[in-house]
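Sequence and predicted structure are below.
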Amino acid sequence: MLLFFLPLLLGVSAKISNMEFYGEGGISFLACAYLNSHYLFCEEPSDYACYCTNDNAQASVMGCLATYGSSSDAENYFIKYCDKWYDSELSSDMLEESYQLYLDKAADPLVANPKFNMTADNMTTPLLVNTSAAELYRESYKVFLGNYDHSVYYGIGAISYWFFVFILAAIANWGVVLFPGLRDFFNGRVSKAWRKNVTVPALWSRKRSTQQDFLGGILSFLIPSRLESLLLVIFFWLVFALLVVEIRYIPNDPLFHTRKEAITRFVADRTGIIATITVPLLILFGGRNNILQWFTRWDFATFIVYHRWIARLMVAMAFVHSVCFSALYVMDGIYFEEMAETYVTWGIVATACGAIICFQGLLFLRRAYYETFLDYGTDIVFYCKVKNGVTKKIGRKLANVPGRAIYMKVAVEGPYGETSPVNRHSNVTYFAGGNGIPGIFAETLTLGKQAATRSTNNQKIKLVWIMREMKSLAWFAEELEMLCRLPVEATIYITRPEMREGIEDLECVFQKMTEDKVLANNSSNDSEHSAEKADEKELKGEVDTTCVETLERARNMLPHVTILEGRPDLSSLVKSDIEESSGSAAFVTCGHPAMVDDLRYCVLKAMDNTNKRVDFYDQLQVWA
């Protein structure tokens, strides 16, 4: 975790080091500088270089700082300010001399000369500072410039929230992996209520993986789980609190003419800074090759949920930032001049792009036009710029071969998630629906092999595969055959066994399996070999096979698998598996979203009726 966050923190630190933090010293100095800018010490009253070069201006600022209880922070800021912006070297001794000049010669020019013109007549002495005015200016700058400092800290606080969430997720998820006994220890009333009401259920009703349709499906969406929703709601309220805290108006504010103008500016600055600082979170949650998936044991779908909602919040803050500054430009009568500025133009472009990305991320568009920019449906094409790493090696290799085309090995990433921690459950039931069988089967096979090597195996492992038609067996029969030597109870439910589509493919698979058995039994006697050959010829000659015959043949080819017709009663299966378990039961599933949601609901209902530990693991990942 630290190795991952260290580069991020170093990068953020590098950026922050280039930012200007004002602090109490900077606020005090700039408040005094602005107060004295109403008088003419140099040719241009708004030229702050005057405070670095003019003795009377310096003395006036030091006198003003003395009214605040002059501190080393303010003096240091004064010295660094002149050095950074005006290449003027000051020292503490020089500032002490300036303050002494203030004490000796400071005066109010309006008292000495009632006709004194503040904008036309030059100051010949340090300005005797009005204490109440100095305090008002300082308070105004404390709210205005302090808002910049606070916004950075609040943005870091928003990122830190997820840092602590990662830590808690890692402790919770790795705890049951490294210390399986904790699962039985945390099985009291509080733990069960937490699982039943927070970690397992959908946000409401039973729909979690199933898409929700609105306006005829145009605004289809996926609802985060209850735990995901809880974390997001806390984050949203945290950000909202960080956006409004310490936003206030100072009566008679010398910087802003009206309360509306002041609040608009403060909100514009706060939303812009926090939105910018949260950008790393989008990268953190959006990457598929993400070490945090291993660290937290969250799947990729969970990361995408957080990525999308944080992105929406960030775009909303950027939009508020843009609207507020546009309103300020209108108030000040400089709208068209500011809109012509390059940074404003690109800020508008960035905000518009963010809004477009949020719109095109709608589930309806993602599913209907996912491959809009795909030229070839069977090929994946990458355009790589040749740089100094592996692309340079590939480029050199291509340049030296005819046709500049080569075959090379590539690595395919995935899956995006971790296996379910069910090694210590007394009963484990895997539910797969349709094409959800590969990942579920891999976990079943691994756990079955582990159970087969134990001297005493008290763990009961079941695999339930629900398919629509028999043709699904054609591409997975050989894998199912691997379970015959493992302590796994496999059951297949075929909901539409009368469908003939793909039966020919299934018969071909059975024929191949028979041939493999013949080859494996080559050492047998000739009569047995002849019988196998006869069976093989019979299979080849049988073309018009009925669904009933094919189903029966499937049962014969996979005698260790129970093949049933119809749709299973998930509630009854869950109830019986929990009753059969000696201490704990786990249900792992992947398949059609509706089936996964139904199974989750059945497990939740069963939790109320048992004192045993019951866990549910959803391996289905839906994000588009």
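Yep, it's here. What you see is a predicted model; the values in this text were computed from it and never measured.

Can you give me the buried ones in the helix or strand hosting residue 262?
Using DSSP states H and E, the element containing residue 262 is helix 259-277. Of the residues in helix 259-277, 261-262, 264-277 count as buried by neighbour count, 16 or more other CB atoms under 10 Å. (Each C-beta comes from the backbone N, C-alpha and C, glycine too.)

Moving C-terminal from that helix, which element do we reach first?
Scanning forward in sequence from helix 259-277 by DSSP H and E, the next helix or strand is helix 279-286.

so for that following helix, what's the average pLDDT?
Across helix 279-286, pLDDT averages out at 91.

Give me the distance from it to the chain's centre.
Averaging C-alpha positions (CA atoms, centre = their mean, to the nearest Å) puts helix 279-286 6 Å from its chain's average.

Who are the packing partners of the helix ranked longest in the chain?
Using DSSP state H, we find that the single longest helix of the chain is helix 131-178. If you count contacts as 3 or more CB pairs under 8 Å, 6 or more residues apart in numbering; DSSP states H and E, helix 131-178 packs onto helix 2-17, helix 23-36, helix 55-67, helix 181-185, helix 226-244, helix 259-277, helix 279-286, helix 291-296.

In a markdown table: the ones you listed, plus distance to residue 441.
What follows is the helices and strands packed on helix 131-178, written out as a markdown table (distance: least, CB to CB, whole Å):
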| stretch | distance to residue 441 |
| --- | --- |
| helix 2-17 | 32 |
| helix 23-36 | 61 |
| helix 55-67 | 75 |
| helix 181-185 | 24 |
| helix 226-244 | 27 |
| helix 259-277 | 44 |
| helix 279-286 | 30 |
| helix 291-296 | 22 |
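
now for those helices, which one comes closest to residue 591?
Ranking the helices and strands packed on helix 131-178 by proximity to residue 591 (CB to CB) places helix 226-244 first, at 20.6 Å.

residues contacting residue 290?
Applying CB atoms under 8 Å, 6 or more residues apart in numbering, we find residue 290 in contact with 284, 300, 303.

So which residues make contact with stretch 206-221?
Against stretch 206-221 from outside (CB under 8 Å, 6+ apart): 201-202, 222-223, 225, 362-364, 367, 593-594, 596-598, 600-601, 618, 620, 622.

Out of these, which end up buried?
For the contacts of stretch 206-221, a burial check counting by 16+ other CB under 10 Å picks out 201-202, 222-223, 225, 363-364, 593, 596-598, 600-601, 618, 620.

Of those residues, just say which sits nearest to residue 183.
Using CB to CB, these come closest to residue 183 at residue 618, 17.3 Å.

tell me which residues form a beta bridge with the closest one?
residue 589 (DSSP bridges).

And it, what's its pLDDT?
Residue 618 carries a pLDDT value of 91.

From residue 172, how far off is it?
Per CB to CB, to the nearest Å, residue 618 is found 16 Å from residue 172.

likewise residue 273?
33 Å.

can you give me phi and psi for residue 209?
Taking degrees, to the nearest 10, you get phi -90, psi -20 for the backbone angles of residue 209.

Against which helices or strands is the helix holding residue 262 packed?
Helix 259-277 packs on helix 131-178, helix 226-244, helix 300-332, going by 3+ CB pairs under 8 Å, 6+ apart.

Determine which stretch of those is the most buried.
helix 300-332 (a mean of 19; mean count of other CB atoms under 10 Å).

now for that helix, which elements pack on it?
On a contact count with 3+ CB pairs under 8 Å, 6+ apart, helix 300-332 meets helix 226-244, helix 259-277, helix 279-286, helix 291-296, helix 335-339, helix 342-360.

about what we covered before: could you dump the helices and strands packed on helix 259-277 into a markdown table and include mean pLDDT?
Below are the helices and strands packed on helix 259-277 laid out as a markdown table (pLDDT from 0 to 100):
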| stretch | mean pLDDT |
| --- | --- |
| helix 131-178 | 94 |
| helix 226-244 | 96 |
| helix 300-332 | 94 |
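
Now distance to residue 569 too, for the ones you listed, in a markdown table please.
Formatted as a markdown table, the helices and strands packed on helix 259-277 follow (distance: least, CB to CB, whole Å):
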| stretch | distance to residue 569 |
| --- | --- |
| helix 131-178 | 30 |
| helix 226-244 | 26 |
| helix 300-332 | 28 |
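
among the ones you listed, which is nearest residue 489?
helix 131-178 (24.5 Å).

In contact with residue 310, which residues?
Contacts for residue 310 (CB under 8 Å, 6+ apart) come out as 235, 278, 281, 282, 285.

Any of these buried? List them.
Buried subset of those (neighbour count, 16+ other CB under 10 Å): 235, 278, 281, 285.

List the single closest residue to residue 28 in space, sequence neighbours excluded.
residue 74 (4.4 Å; CB to CB, 6 or more residues apart in numbering).

Residue 298 too?
Closest residue in space to residue 298, ignoring its immediate chain neighbours: residue 169 at 6.4 Å, by CB to CB, 6+ apart.

so that neighbour makes contact with residue 297?
Yes. Between residue 169 and residue 297 there is a contact under CB atoms under 8 Å: 7.3 Å.

quick one on the thing from earlier: nearest to residue 143, of the helices and strands packed on helix 131-178?
Among the helices and strands packed on helix 131-178, the nearest to residue 143 by CB to CB is helix 259-277 (7.2 Å).

Would you check how far apart residue 135 and residue 69 are?
Residue 135 sits 12 Å away from residue 69, going by CB to CB.

Next: residue 144.
Computed as CB to CB, the residue 144 to residue 69 distance reads 21 Å.

what do you get for residue 260?
If you go by CB to CB, the gap between residue 260 and residue 69 works out to 34 Å.

again with residue 131
In this view, residue 131 and residue 69 are 12 Å apart by CB to CB.

which regions of the stretch 251-400 of the chain lie under the pLDDT threshold?
Scanning the stretch 251-400 of the chain for pLDDT under 70 picks out 370-377.

I'd guessed residue 564 sits against residue 495; true?
No. Residue 564 sits out of contact with residue 495 when judged by CB under 8 Å, with a separation of 10.0 Å.

For my notes, confirm residue 430 occurs in a helix.
No. Read with DSSP: H, G, I helix; E, B strand; the rest coil, residue 430 is strand and lies in no helix.

Would you enumerate the residues in contact with it?
Neighbours of residue 430 in contact, by CB under 8 Å, 6+ apart: 440, 441, 443, 444, 461, 462, 463, 464, 588, 589.

same deal with residue 239?
So residue 239 contacts 158, 274, 313, 317 (CB under 8 Å, 6+ apart).

Run through the helices of the stretch 451-600 of the chain in chain order.
Along the stretch 451-600 of the chain, counting by DSSP state H, counting those that start in this stretch, helices occupy 477-481, 503-520, 526-541, 547-557, 570-580, 593-607.
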